[in-house]
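Engineer: Below: sequence and its predicted model.
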Amino acid sequence: MSFSAQRELYLQKLRYQYFAYCVIRDALGFYFGIPQFLQTVDFNKVVSDRLALKIKDREDVVGRPLSDKEKARYRKSIERSVRTRIYELEEDYRYAEAVLFEDNIWLQHLDLDVEFFKHYLPKLAPEHKTQLAVVPNWTTRDHSLGRAYLVDNRNVTSIVF
């Protein structure tokens with residue numbers, strides 16, 4: 001095998017390791033951040049706040065007060081979207097647990113034992129958990145949070161050893 005072919009194989013391995021690192025990093029962030037977010041959620045308050053904003057916006061557009069039927073329709077729609085968002089976050093949390101605690105390709109690329117996070121994370125100090133947490137919010141969707149593997153150029157040819 002030529003030197004350039006070996007180099008390309010090595011760079012490809014580095015790219016996969018970098019991607020695996022980003023996936024594990026995000027899984028850690030959401031593993032600590034999603035529970036923090038869900039503990040602060042007051043479903044009724046979120047729905048009420050969004051409904052009040054929606055009613056105000058619609059009344060400004062149509063130029064008249066909304067009927068009770070229209071308000072009920074908006075409330076139902078908002079409740080459904082908030083429930084969906086909470087469900088998505090719960091699913092993301094379960095996925096983060098699976099990435100961290102089950103045998104998968106991400107752990108294999110980083111040569112991490114399946115038991116590593118099971119033993120390490122419970123011993124982590126609370127201030128470190130807070131630093132690692134990526135706490136979602138209502139206005140920013142998870143796919144638009146600053147995560148390197150979504151926006152970075154994964155070209156690692158410029159890495160110098």
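Structural biologist: Right, received. Where do you want to start?
Engineer: what sits against residue 112?
Structural biologist: Residue 112 sits next to residue 24 when contact means C-beta atoms under 8 Å, 6 or more residues apart in numbering. Bear in mind the C-beta positions are built from the backbone N, C-alpha and C, glycine included.
Engineer: Name the SS class of it, please.
Structural biologist: Following DSSP: H, G, I helix; E, B strand; the rest coil, residue 112 is assigned to coil.
Engineer: buried stuff in the lengthiest helix in the chain?
Structural biologist: Secondary structure of the chain per DSSP state H: the longest helix is helix 3-40. Neighbour counts using 16 or more other C-beta atoms under 10 Å place 16, 18-20, 22-24, 26-34, 37 of helix 3-40 among the buried residues.
Engineer: Let's test this: mean pLDDT of the helix or strand just after it, rounded?
Structural biologist: Remark: after helix 3-40, the chain's next helix or strand is helix 43-62, criterion DSSP states H and E. Taken as a whole, helix 43-62 carries a mean pLDDT of 88.
Engineer: packing partners for helix 43-62?
Structural biologist: helix 68-101 (3 or more C-beta pairs under 8 Å, 6 or more residues apart in numbering; DSSP states H and E).
Engineer: Many thanks, have a good one.
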